[in-house]
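Participant: Pasted the sequence and its predicted model underneath.
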Amino acid sequence: MTKELVVKDNALINASYNLDTTEQRLILLAIVKAREVSKEVDANSTLEVHAQHYMKQFNVDRHAAYEALKNAANSLFERKFSYKGIHESTQKEKIVKSRWVSKIAYVDSAGILELVFAPDVIPLITQLEQSFTSYELKQISSLSSKYAIRLYELLIQWRSIGKTPVFLVDDFRFKLGLGTDEYKIMSNFKKKVLDAALTQINEKTDIVATYEQHKSGRNIIGFSFSFNPKKIKDHEFTKKLTDKQIRLFANKLSHYDPFASQRAAVGESYEDLEKRLYIELQDVKNVRKYADVLKELGFEVSI
């Protein structure tokens, strides 16, 4: 199964924007699509996001997927972001403001969202020669908090060292897309934004993170984060399998061609082989042994 990678220039990772969870998901699906055809994407390229893909990626029903695309057609055109750049002649920092899309349309009867990224977005998702960040789309698929998605991206750009520099409070809020009037009281910011986002990240992604507060006197002036990849334990995969799923695996495996000679050698019927495989698949070591075959059959084996 091909990994669907979200790849962004770090200027976009560190940008300020306030997209809701659905809007972020659709932008990320479009970025994945743009990456697939990156050599051909420009400011005139129309990209399509299908409701079926949204359903599969984010584990929602058909109605929710169609509603997500339909609502986005109305809201995404108005969404903007700002990021830090460098003025060429003076080499001074500048703040660039841009829309996400220059055109958007929704095909209601087909559940297809068409969009054209704004000119400023294109180089930030396709021309990635220096500083950029990538991660698997599936890592944020279960995150329901828009702040959790943003925080995951801010952390993962420091994956090589597992810790971030200090994010000063104002800059951190800027990157999370918070308005000046949102969660102004620090205790509310920590409870409603930071702690809630970190809980989701630790439960539902591939990293476990903690943060440290940095103070000047009694005031918190910034936060830094440390994180590590999760260790997959031998028993985690089998815990996720129901008895019905294991039986389905065994049934598929028993009728898979590479097992024909093995079955014939011991005089087993398909039913007998299925029973034996069912017993073997209770042990995660055997799941590993059959991992390649399971993948060919379309099962996702993440051990």
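Facilitator: In hand now; what should we look at? Residues are numbered from 1 along each chain as shown.
Participant: Mind naming the longest helix for this structure?
Facilitator: In the chain, with assignment by DSSP state H, the single longest helix is helix 21-36.
Participant: now what about that one, what contacts it?
Facilitator: With Cβ atoms under 8 Å, 6 or more residues apart in numbering as the test, helix 21-36 has contacts from 4-8, 19, 41, 45, 47-49, 53-54, 57-58, 68-69, 71-72, 75-76, 79, 100, 113, 115, 117, 122, 125-126, 137, 140, 143-146, 149-150. For the C-beta atoms, the positions are set from N, CA and C on the backbone; glycine is no exception.
Participant: Return the list of helices and strands in contact with the helix or strand following that helix.
Facilitator: Next helix or strand after helix 21-36 toward the C-terminus (DSSP states H and E): strand 47-50. If contacts are counted by 3 or more Cβ pairs under 8 Å, 6 or more residues apart in numbering; DSSP states H and E, strand 47-50 sits against helix 21-36, strand 112-117.
Participant: Lowest average pLDDT across these?
Facilitator: Ranked by mean pLDDT, the helices and strands packed on strand 47-50 bottom out at helix 21-36, which scores a mean of 89.
Participant: Okay, buried residues for that helix please.
Facilitator: Buried residues in helix 21-36, counted by 16 or more other Cβ atoms under 10 Å: 21-35.
Participant: any idea which helix or strand carries V6?
Facilitator: Secondary-structure assignment from DSSP H and E places V6 in strand 5-9.
Participant: ok now that strand, how far from the chain's centre?
Facilitator: 10 Å (Cα atoms, centre = their mean, to the nearest Å).
Participant: now stretch 66-76, how far from the chain's geometric center?
Facilitator: Taking mean C-alpha positions (Cα atoms, centre = their mean), stretch 66-76 and its chain are 19 Å apart.
Participant: Strands of the protein, start to end?
Facilitator: Secondary structure of the chain by DSSP state E: the strands cover 5-9, 16-17, 47-50, 80-86, 93-99, 101-107, 112-117, 132-136, 167-168, 207-216, 219-229.
Participant: between those strands, which one is nearest to F189?
Facilitator: F189 sits nearest to strand 219-229 of all the strands of the chain, at 9.2 Å, using Cβ to Cβ.
Participant: and the angle from the closest one to strand 207-216?
Facilitator: Here the directions of strand 219-229 and strand 207-216 differ by 160 degrees (axes from the mean of the first three to the mean of the last three Cα atoms, to 10 degrees).
Participant: returning to what we had before: tabulate the strands of the chain (JSON lines), appending mean neighbour count and distance to I201.
Facilitator: As requested, the strands of the chain are arranged in JSON lines below (neighbours: other Cβ atoms under 10 Å; distance: least, Cβ to Cβ, whole Å):
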{"stretch": "strand 5-9", "mean neighbour count": "19", "distance to I201": "15"}
{"stretch": "strand 16-17", "mean neighbour count": "20", "distance to I201": "19"}
{"stretch": "strand 47-50", "mean neighbour count": "19", "distance to I201": "24"}
{"stretch": "strand 80-86", "mean neighbour count": "15", "distance to I201": "22"}
{"stretch": "strand 93-99", "mean neighbour count": "13", "distance to I201": "27"}
{"stretch": "strand 101-107", "mean neighbour count": "16", "distance to I201": "27"}
{"stretch": "strand 112-117", "mean neighbour count": "22", "distance to I201": "27"}
{"stretch": "strand 132-136", "mean neighbour count": "18", "distance to I201": "12"}
{"stretch": "strand 167-168", "mean neighbour count": "17", "distance to I201": "15"}
{"stretch": "strand 207-216", "mean neighbour count": "14", "distance to I201": "6"}
{"stretch": "strand 219-229", "mean neighbour count": "15", "distance to I201": "8"}
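Participant: Out of these, flag the one nearest I156.
Facilitator: strand 132-136 (5.1 Å).
Participant: Quick one: list the elements packing against the closest one.
Facilitator: Contacts defined by 3+ Cβ pairs under 8 Å, 6+ apart place strand 132-136 against strand 5-9, helix 10-13, helix 146-156.
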